[in-house]
Structure formats: structure tokens, C-alpha cells
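**Student:** fold the following and give me the result.
(2 chains, ligands or ions: 2)
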Amino acid sequence: MSIGLIIRLVVLALLVAFIVTPESFAFVFQPLTRNGQPAIYTQNSLLNLTLSHLTIVAIATIAATLVAVGLAILVTRPFGAEFLPLSRSIANIGQTFPPVAVLALAVPVLGFGTAPTLVALFLYGLLPIFENALTGLTTLPPTVTEAARGVGMTDRQRLLDVELPLATPVILAGIRLSVVISVATATIGSTVAASTLGEVIIAGLLSNNLAFVAQGGLVVGVMAVLIYDALSALERILMARTGQRREIS
Amino acid sequence: MIEIEALTKDYLDLTVVDHVSMTVEDGELAVIVGTSGSGKTTLLRMINRLIEPTSGTVKIDGQDTRSEPAFELRRRIGYAIQGHGLFPHRTVGQNIATVPELLGWDKQKTAQRVDELLNLFQLDPAEFRDRLPSELSGGQQQRVGVARALAAEPKLLLMDEPYGALDPIIRSKAQSDLLAIQKRFGTTIVLVTHDMEEAIHLGTRIAVMDKGKLLQYAPPHEIIANPATPFVAELIGTGERPFRLLSLWKVRDLVEPGPAQGEPISADASLRDAYAECLWSGREMLPVIDESGALIGRIRRDDIAHKAERPQ
Ligand SMILES: Nc1ncnc2c1ncn2[C@@H]1O[C@H](COP(=O)(O)OP(=O)(O)OP(=O)(O)O)[C@@H](O)[C@H]1O
Ligand SMILES: [Mg+2]
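**Tutor:** Ligands and ions are numbered 1, 2, ... in the order given. As a prediction, this is how the structure comes out:
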């Protein structure tokens, strides 16, 4: 077992322990409180907030992945090529909109709660995945795609058996970016009453309690780093599995 | 049998293949030679419709290739692409099994065929079957590429510079493998190369292309003896002509009874090699042995030299 892996496992264990029994870490946050403020946020269970935070991120990312990869497949087929510029601009608009603005616009339509947050994260996640899927599908070695035609694969077989498997590591890199942005951005959802870890941070800001801000921020930050790390590792494994880079042994 | 008639491919104003007509009989090995950019690959790829012709027709066994969906046509025709084109995410075994799987062969038959081909190309199945292409040398990748093209026992095989990346020793090994395979399965082969030496060695007929036009299509001795244009003559190399002629015959063709001194030569060696041996060892004649090593006679230097004269 490498040192890197041990550090990661220790960090993960600490994170899980803190989320499950935050009170046992009260001593860590005590120094940040003033005038007898509570050191640990207890209005809502941290475990529930974390799970709900991750669920929102997961749903938004899965939806963004399906739509972005679907679009990328569509515009890289001969019949869809003319939609390439259009779909690019749609995905770009999704990214130039600040998430706060999306929330503000979505609330009157969707009401308070989880829905506007999901929409904002979904729109935000589209671009990196779409761009990467496009790169992955359009930069395959020409001899490989030609060979796929040459052996007599149908269009569908070429897509499913050759193009998508080879593009998967690149697509996954896009998903990784998108997830990390979403984990951070989901905190803002609490301003429109979505149940996320942002609640802890906002409670801290409102009551001027630095301990709350720190614990909310820490959980979000550490989760983002661990997810990024895990997805990077998965990517490397997939790269090696698909023979696109030699496994580092 | 492949019948190509007035086949033409235009890209905008540029005519890349220009009214090419040629027929490849069953069991023949037709080699297309020409300089880079002369349209060899384009001509080859119009046969399995990887490129759609601008005009003209291709018939295989009398049937127009446009009478069935392109993907079905391609499954019947082996295709070894320029630069192997193996699927990097599939193992060697899975790569070779591609066409049998597309054709719905049962698993056991496919697995058997994969091992048979690996053996044929001197790749130990146990060692190579489960490797990824990136774990093979260039020469091994190329052999797997040809094995994949042969997997479904196609009657027709198209090969685009299959030996381009190989060193001379592996190359001549791969060439004799190909001839052995062709003999064994009776495959009709169309092979593209820009190497005249290879064309003469392998081809039963040679098609010489220049700027999209087919200049000459004839058996090797005919091309060497009577090049149709100065360009064809230049491609053969005037100084090389007698030796190229000699390379077409085997020692077996000139062997006569009688004794000779010194190191013997194999009956399957080319006259070119025999002549070189005569010159090098300063001998008038060489003893000849067959594949079992038994002495079957001798070959004379003067007889060989006579064979190198321009045919009348
Ligand atoms: N898609 C295309 N569009 C325009 N021109 C093309 C296209 N494909 C090939 N050509 C041109 O057609 C000509 C013949 O190409 P081809 O690939 O058939 O040559 P080749 O004889 O196989 O050459 P090489 O020995 O270098 O492989 C070249 O001049 C090339 O630039
Ligand atoms: Mg070529």
C-alpha cells in the first residue's frame, strides 16, 4: 500500500467519522466560537445534509452526463453535424450564467426547494462534459475508425463497440470537472431552501459563528478533493484498460 | 473474381482514380504498385466501398457490389488497413474475433479460429491471446492485423501496404507466410505496395498506377520484359531488370542431372540467389538439394545467365 493511498484512506475515515458523530469533534471547533456559541451545528443532522447534498449533485451530474454525451454523439454523426455550432453555444450559455442568476430565475418558475438547485447544477455541468465528449469522439485514431468500417460494423456497432469505449476516459475527465464544480456550487442551493451543506455555512454567517462556517466548508472541500482524486484514479485505470496508455507499474 | 470497370474517383476537380479497369481472377494475387499519391489506396478502398466511386462499377463474382448493404459486403472481404488499425481497447484475441462475431459464429468455433490464426502467424495463443495491442511490437501488431482480416475465411483479401513497417527479415518472413496462406486457402488477394521488389516477389499480376491511371496490368515477367511506358520501366529500374527476371524463377526450374562441387543450394531458392552464390563462390555450377536435403542434381551459371536475357 502506498503512502498516498494511506493518506487518502485516513482522510476519508476522518470525514466519515465527523459526518456521523460531529459532536465528538467539538473540541476542534471550540476555539472558533465566541460568547458560548455552540461549536457544532445541530439544527439538522450533518449526515442527512451530506447525503442530500451528494444526492442533488449526483442527480444533476447524471442528467448532465446523459444530455451532454447524447448531444455530443448526435452532433458527431454525419446527419447531426449542422447542429454542432448550435449545441456548442447552448452549452456555453449554460456556463456563462452565474449559478446565482440561474437560481434567481428558476425560483419564480419552480418555487423554493431542491428543483432550482438541480436545474442550476445541471446547466452548469453540461459544458465540461459536452466539450470532453466532443474531444473524445472526434480525436480517435483515424486508422481505428477506418478499421471499424472496414470489418463491416454498422454505424451503431461502431459507436457502441469502438468510439464510446475509447472516448470514455476523456468523457470521464469532463464528468470529474463537472462533479467538483457541482459539489462546491450546491452549497448556494441552501439560499433557496435546498437541503445541502450550504445550510451549515449560511447558519454560521447569519449567527456570526465561525465554527459553523468552517465545518460546512471543510466537509464540502474535503469531499470535492476526494471525489476528484477517486475519479482521476478511475480514469487512469480506464486509460490502461482501453490500451491507450501503458499501465504504470 | 473481381471485375473493375472504368472505376473513377473525383475529389472536386481532382481525379484521383481515372477510369481504371482490371480483372482479378480467383486465386490470383494482384499487386497494385505506384508512387505515393498515385491513387492505390483509393482504388483498393473502392472495392469494399469504404470510398464510394464517382463512376464505374466493381463486380465480385459477377455481382455488383452496390447490390447489398456496404457493411455486409465488408464482412465478406478481409481488409488489412495501412498501419494495422487494431482496436486498442480489445485484446489480440478479441481483435481477431471481430468479424466472426459480427457474422454470429458460435463462441467455440470463433475461439478455435483465433488460436489457429495465432499459431499460423507464430504467436503463441496462450501468451498473446489476452494481450492488448499496445503490448505488442510493431511487427506483431501487423501480423495480428492480417490475422483479423483473415479471421472469417474471406474468399477475398484486400491489403494496404501490410508490410510497410517491418524490418527486412520479418518482412520476408511475413511475405512467405502470405504466399503459404494464399496457397492453403485459395484466397484471392489484392495488395497495395510502393515497393517493386515486393510486387514482383508476391504478385501473379502487377498493376502499375501513376497519377490515377492504370498504366499496365500484366504478369511480372511481362512487366519486366515489356514495360508499357517509360514510367513503368523507371519503376522497375533498368539496371535491375535482369536480376528481377531471375528472381521470378526457382532453381528447381533449371536443375539438370550431374555432379557439382561445394556447398549445395536449395531447389526452392530463386535463380537470383543461385546466381549470386555462383558469383560469390566463383563456381561454374552448384549442387542442388530438395527440401529433404537429398541431392537432386546441379545448376549451371551459364544457364542462369541465359535466363536473365531479355525475353524475345
Ligand atoms: N478525401 C480526400 N479528399 C481530397 N483528396 C484526397 C482524399 N483522399 C485522397 N486524396 C488524394 O488522392 C490522391 C491519392 O491518394 P491515395 O491515398 O489513393 O494515394 P496512395 O497511392 O495510396 O499513396 P500512398 O502510397 O502515399 O499511400 C492523393 O493525391 C491524395 O491527396
Ligand atoms: Mg496509400
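**Student:** shaky segments in the chain?
**Tutor:** No chain was given, so I picked chain A. Low-confidence segments of chain A (pLDDT under 70): A:1, A:245-249.
**Student:** the chain in question should be chain B.
**Tutor:** The model of chain B has no residue with pLDDT under 70.
**Student:** could I get the full set of strands for it?
**Tutor:** B:2-11, B:14-24, B:29-34, B:55-60, B:63-64, B:77-80, B:156-160, B:188-193, B:205-210, B:213-218, B:265-266, B:285-289, B:295-300 (DSSP state E).
**Student:** check contacts around A:T42.
**Tutor:** Neighbour list for A:T42: A:P22 [criterion: Cβ atoms under 8 Å, 6 or more residues apart in numbering or on different chains]. Glycine gets a C-beta too; all of them are placed from N, C-alpha and C.
**Student:** roughly how far does it sit from ligand 1?
**Tutor:** 68 Å (Cβ to the nearest ligand atom, to the nearest Å).
**Student:** assign a three-state SS to that residue, would you?
**Tutor:** Following DSSP: H, G, I helix; E, B strand; the rest coil, we place A:T42 in the coil state.
**Student:** distance of it from A:L205?
**Tutor:** For A:T42, the distance to A:L205 (Cβ to Cβ, to the nearest Å) stands at 17 Å.
**Student:** now do A:Q244
**Tutor:** Distance from A:Q244 to A:L205, counting by Cβ to Cβ: 46 Å.
**Student:** what parts of chain B come near chain A?
**Tutor:** B:48, B:50, B:71-76, B:79, B:81-90, B:98-99, B:102, B:132-135, B:148 (Cβ under 8 Å from any Cβ of the partner chain).
**Student:** quick check on those: which are buried?
**Tutor:** By neighbour count, with 16 or more other Cβ atoms under 10 Å in any protein chain shown, the residues of chain B next to chain A hold B:48, B:50, B:71, B:73-76, B:79, B:81-90, B:98-99, B:102, B:132-134, B:148 as buried.
**Student:** what comes up buried for stretch A:226-244?
**Tutor:** So stretch A:226-244, judged by 16+ other Cβ under 10 Å, has buried residues A:I227, A:L231, A:E235, A:L238, A:M239, A:A240, A:T242, A:G243, A:Q244.
**Student:** now do stretch A:185-199
**Tutor:** By neighbour count on 16+ other Cβ under 10 Å, the buried set for stretch A:185-199 is A:185-192, A:194-199.
**Student:** just those residues: which are in helices?
**Tutor:** Counting by DSSP state H, the buried residues of stretch A:185-199 place A:T185, A:G198, A:E199 in helices.
**Student:** how about the nearest residue to the first one once chain neighbours are set aside, what does it touch?
**Tutor:** Take A:T185 and drop its neighbours on the chain: the residue closest to it by Cβ to Cβ, 6 or more residues apart in numbering or on different chains is A:P99, 5.0 Å away. For A:P99, the set of contacting residues under the criterion of Cβ under 8 Å, 6+ apart consists of A:A120, A:L121, A:Y124, A:T185, A:I188.
**Student:** try 10 Å
**Tutor:** A:117, A:119-121, A:123-124, A:181-182, A:184-186, A:188-189 (Cβ atoms under 10 Å, 6 or more residues apart in numbering or on different chains).
**Student:** please identify which of these is nearest to B:D303.
**Tutor:** Nearest to B:D303 among the contacts of A:P99 is A:I181, at 82.7 Å by Cβ to Cβ.
**Student:** name the element that closest one belongs to?
**Tutor:** helix A:164-185 (DSSP states H and E).
**Student:** now for that helix, which elements pack on it?
**Tutor:** Using 3 or more Cβ pairs under 10 Å, 6 or more residues apart in numbering or on different chains; DSSP states H and E as the contact test, the elements touching helix A:164-185 are helix A:46-76, helix A:99-110, helix A:114-138, helix A:210-241.
**Student:** for B:S67, give its distance to B:I60.
**Tutor:** Distance of B:S67 to B:I60, computed by Cβ to Cβ: 10 Å.
**Student:** with adjacent residues omitted, what lies nearest to the residue most central in space within chain A?
**Tutor:** What sits nearest the mean C-alpha location of chain A, by Cα atoms, centre = their mean, is A:V179, with 0.8 Å. Nearest non-adjacent residue to A:V179, counting by Cβ to Cβ, 6+ apart: A:T61, 5.3 Å away.
**Student:** which residues touch B:E240?
**Tutor:** For B:E240, counting by Cβ under 10 Å, 6+ apart, the contacting residues are B:M196, B:E197, B:I200, B:I224, B:S247.
**Student:** identify the bridge partners of the residue in the stretch 151-300 of chain B that chain A sits nearest to.
**Tutor:** Using Cβ to the nearest Cβ, the closest approach of the stretch 151-300 of chain B to chain A is made by B:L158 at 8.4 Å. Per DSSP bridges, the residues bridged to B:L158 are B:Y79, B:V190.
**Student:** that one and B:L191 touch, don't they?
**Tutor:** Yes. Under the criterion of Cβ atoms under 10 Å, B:L158 makes contact with B:L191 at 7.9 Å.
**Student:** what number of residues lie near A:A63?
**Tutor:** Close neighbours of A:A63, defined as other Cβ atoms under 10 Å in any protein chain shown, add up to 16.
**Student:** so who does the residue of the stretch 101-250 of chain B found nearest chain A touch?
**Tutor:** Taking Cβ to the nearest Cβ, chain A has its nearest neighbour within the stretch 101-250 of chain B at B:L132, 3.8 Å off. Contacts for B:L132 (Cβ under 10 Å, 6+ apart) come out as A:240-244, A:246-247, B:86-92, B:94-95.
**Student:** phi, psi of it?
**Tutor:** Per-residue torsions, B:L132: phi -90, psi 150 (degrees, to the nearest 10).
**Student:** how close does it get to B:F87?
**Tutor:** If you go by Cβ to Cβ, the gap between B:L132 and B:F87 works out to 9 Å.
**Student:** okay, and the common contacts of these two?
**Tutor:** By Cβ under 10 Å, 6+ apart, B:L132 and B:F87 have these common neighbours: A:T242, A:G243, B:Q94, B:N95.
**Student:** what's the spacing between the third one and A:P169?
**Tutor:** Relative to A:P169, B:Q94 is positioned 19 Å away (criterion: Cβ to Cβ).
**Student:** which one's more surrounded, those two?
**Tutor:** Legend: neighbour count by other Cβ under 10 Å for B:Q94 and A:P169, higher for A:P169 (22 against 18).
**Student:** residue boundaries of the helices in chain B?
**Tutor:** Counting by DSSP H, the helices of chain B are B:40-47, B:70-76, B:92-96, B:98-102, B:107-120, B:125-128, B:138-150, B:168-185, B:196-202, B:220-225, B:230-236, B:241-246, B:271-281, B:301-307.
**Student:** need the contact list for B:K40.
**Tutor:** B:K40 makes contact with B:17, B:31-34, B:82, B:160-161, B:191-194, B:207, B:209, B:212, according to Cβ under 10 Å, 6+ apart.
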